[in-house]
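Asker: Structural data only, the sequence is not supplied:
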């Protein structure tokens, strides 16, 4: 039985520990087409691909429901080997190449062409000799197909990043019987011209009848090379579109589109924000944070506002706060109320009045083995010398003051615990986050920077944390910067939202701006000619 | 069912290894009684060795807390202590200032040496993050070997230090009788049971000194620097995010550990009555590490209580088990073998579950 689809995934649902990450998702790919799979971080793209490849993480967590058919034949894919046998290949985002091997060896690894020799007659097939000439020819053919003009005998080590990507692809298309190739954000690490060549290679591959599923965030690429687009959002199947009949704006809208619930009432807003009264100012600001590079940002945060920084993972939004706090090397000027902050001096930002809640709660944010009390008072004690009492020859931790303050914080932030002596590691995610916030607030900061405030905490706690930030701003008049991947969250409380894309600010938007504007900004476009409003 | 829960809760709270070791301790105590060994003298001996080793074991606390792990290189502090003591003997400080003056000067001198040596050692350990335990073990060995050269070549002239015949270099064991031998032990010391070598002697001064050092360490851990040091050890990134220079805290911790090593060996030597030169201190680091681990510390978290309990159990077993073992297996020399098995066994145990120890403490 032949079918119009090389791959048809229907009604795929997947739960992780009761948390539904995929709900009735469909993906249908025709032979020889380039099919874009789009969605924000966490929309379920990776999970869908894990299902397709039968990754252990899927089967170890209770499997999935729904059906997969390849060439019209229903299949069960219980492991990645099976997927490979069915002719499904993957080009990884991180290169899986062996640097010390030649291009040929990397392409043919695991599928070497061999000829029998004396040793193999005695000891078996594993001692057959390599037929280097046929291997070289195969590799050459694969490289020529995608138009990569490098010698197949050079070592992979030292080749430019772009080349490595092409070698990965060559390895996949060299596999016999390949029908479907998955490209997982292949252009993310490439320069513009390299990306251009990659797209060209994709067209060539597709023209030979191999279907491609192209996972990317770049809208222009989708528009220029793909035939169809499947859009996921929050684990839901949104729509399957014909690329030629849609536009970047429509795709962006569909990716983001959801109702934003405003948490703050405009009527209660008695703040006066002024563009001249700047709390934090960044100029020509670069941060060298691995995976979250900031490449030149100019930004002003006004006193008393809630400022959001959003964008997709890996685009650099997390680099912004980590650079200010001195956790990663940065250049450029950082001014707090006009006074320079020197992040290379450890703790300088804290001393000057910036409180910080890290996105890495368990790694950076907490001393998991220590008590809630120790966690809350620690930074204030070290930076401001609070909670210390003199005993003549030196100062000691003032346990009484520390406990009183901690109990106060526990009450104020509603931290659910068995007591201030409970280990921070034993708390739930939401309560841990509150402990982190309590520590930052103990410093009594002028500016509070909260990075990924709701990552990894349940929905009820999310709302509490966001409301807490809002009330700090409205009631205490604290300037708050929220860095978050969850656009919805930013739009529910922020006055302005900067979208970071590829290390730069793509746009600064108002929470009421359209979904399309947000989608486009995430993909790196600035609204044409539109003025950024206050 | 409820009993079972409570039992497992108890086991979790105290820690299985400590229960086993304590049971073993009780077993050998009964064994000693069964074989009719002189119990008062044995217990006196346990108390003496408890105080003797206590400060050396205490040296592990700042090392573990600041993040370098169990300080196998405590021998660096030990050689500083030995050097300070030799200088005191060489210049006959005891004749001028008496035994108390002598031990004070010896400690002050060695503390000064140890601060410098410890800071340098900490600097080295900052360069080898992740493999501190291996490096510190070999630093400890090398320090002993290196000082062996100097013990022979340093120009000591005192007749108590030099070899009796030949007259060059320090001898293997140097008597402290004329300087500060047993000065802490006899201060306020008394026989709790009996009044001669079969009785139980309580070295009050020694124990008080040990407890005082523990208390000072406890206070330090409650200070701003102490808290910063612990944070740097348990989560370096967290500490950095709170504006703490992690490398400097590790150097502080290493230096304090080295200083305690120096003070510890002087405490040890005065109780023993002799300075033991050359290779005597070679394996001392291992005994200290084993003691604190038996006390319930892990390679990443240690408390003062771990020191007090661990030293008592470790030394107690050694003191009492050895005569029992010699009675049990007549004609063999099990004593040293047992010491090696217990100390190295517990180190292996602790290293294989380097995270678990901290969890079972809660």
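Answerer: Great, that's in hand. Treat the numbers as computed from the prediction; the structure is a model and nothing was measured.
Asker: Can you give the domain ranges for chain A?
Answerer: Domains of chain A are assigned by automatic domain parsing as A:1-86+A:179-257, A:96-177, A:277-522.
Asker: can you point me to the longest helix in the chain?
Answerer: Picked chain A for this. Longest helix in chain A by number of residues (criterion: DSSP state H): helix A:459-476.
Asker: that's the other chain; I wanted chain B
Answerer: Assignment by DSSP H gives helix B:93-127 as the longest helix of chain B.
Asker: between the domains of chain A, which gets nearest to chain B?
Answerer: domain A:277-522 (1.8 Å; Cβ to the nearest Cβ). (C-beta placed from N, C-alpha, C; glycine too.)
Asker: re the thing from before, which element follows the longest helix of chain A toward the C-terminus?
Answerer: Downstream of helix A:459-476, the next assigned helix or strand under DSSP states H and E is strand A:479-483.
Asker: Please state the offset of that following strand from the chain centre?
Answerer: Mean-position distance between strand A:479-483 and its chain equals 19 Å (Cα atoms, centre = their mean, to the nearest Å).
Asker: And the helices in the stretch 301-450 of chain A, which stretches?
Answerer: Under the criterion DSSP state H, counting those that start in this stretch, the stretch 301-450 of chain A carries helices at the ranges A:319-324, A:348-352, A:372-384, A:399-413, A:429-442.
Asker: that older thread, now do whatever helix or strand comes next after the longest helix of chain B and helix B:93-127, the angle between them.
Answerer: Later in the chain than helix B:93-127, the nearest helix or strand by DSSP H and E is helix B:132-153. With axes from the mean of the first three to the mean of the last three Cα atoms, to 10 degrees applied, the angle from helix B:132-153 to helix B:93-127 works out at 140 degrees.
Asker: elements contacting helix B:132-153?
Answerer: helix B:75-90, helix B:93-127, helix B:284-294 (3 or more Cβ pairs under 8 Å, 6 or more residues apart in numbering or on different chains; DSSP states H and E).
Asker: Quick check, the residue in the stretch 51-200 of chain B closest to chain A?
Answerer: residue B:65 (11.4 Å).
Asker: What count of nearby residues applies to that residue?
Answerer: Per other Cβ atoms under 10 Å in any protein chain shown, the neighbour tally for residue B:65 reads 28.
Asker: for it, what are its contacts?
Answerer: B:221, B:226, B:229-230, B:233-234, B:253, B:301-302 (Cβ atoms under 8 Å, 6 or more residues apart in numbering or on different chains).
Asker: same check, this time on residue B:33
Answerer: residue B:39 are the contacts of residue B:33 under Cβ under 8 Å, 6+ apart.
Asker: separation between it and chain A?
Answerer: 41 Å (Cβ to the nearest Cβ, to the nearest Å).
Asker: In a strand, residue A:46, correct?
Answerer: No - when DSSP: H, G, I helix; E, B strand; the rest coil is applied, residue A:46 is found to be helix, with no strand at that position.
Asker: so how far is residue A:240 from the closest residue to it other than its chain neighbours?
Answerer: In space, residue A:46 comes closest to residue A:184 once its chain neighbours are excluded; the distance is 7.9 Å by Cβ to Cβ, 6 or more residues apart in numbering or on different chains. Separation of residue A:184 from residue A:240 (Cβ to Cβ, to the nearest Å): 20 Å.
Asker: More neighbours: those two, which one.
Answerer: Remark: of residue A:184 and residue A:240, residue A:184 carries more neighbours, 18 against 13, as counted by other Cβ under 10 Å.
Asker: ok, the more buried one touching residue A:214?
Answerer: No - Residue A:184 lies out of contact with residue A:214 (Cβ atoms under 8 Å); the separation is 9.0 Å.
Asker: Those residues of chain B touching chain A, which are they?
Answerer: B:219, B:222-224, B:227-228, B:230-231, B:234-235, B:237-238, B:240-245, B:301, B:358, B:362 (Cβ under 8 Å from any Cβ of the partner chain).
Asker: PyMOL command to pick out the buried ones of those residues?
Answerer: Entered in PyMOL, the line below selects the buried ones among these, by 16 or more other Cβ atoms under 10 Å in any protein chain shown:
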select buried, chain B and resi 222+223+224+227+228+230+231+234+235+238+240+241+242+243+244+301+358
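Asker: out of everything not next to it in sequence, what's closest to residue A:440?
Answerer: residue A:355 (3.5 Å).
Asker: count of neighbours near that neighbour?
Answerer: Residues lying near residue A:355 (other Cβ under 10 Å) number 25.
Asker: gap between residue B:236 and residue B:247?
Answerer: 9 Å.
Asker: Flag the shaky bits of chain B, pLDDT-wise.
Answerer: Chain B contains residues with pLDDT under 70 at B:1-2, B:166, B:331-333, B:335, B:350, B:353-362.
Asker: in it, what residue is nearest chain A?
Answerer: Closest point on chain B to chain A, by Cβ to the nearest Cβ, is residue B:243, at 1.8 Å.
Asker: Pick out whichever of the contacts of residue B:65 sits closest to residue B:135.
Answerer: Using Cβ to Cβ, residue B:253 is the member of those that lies nearest residue B:135, at 15.3 Å.
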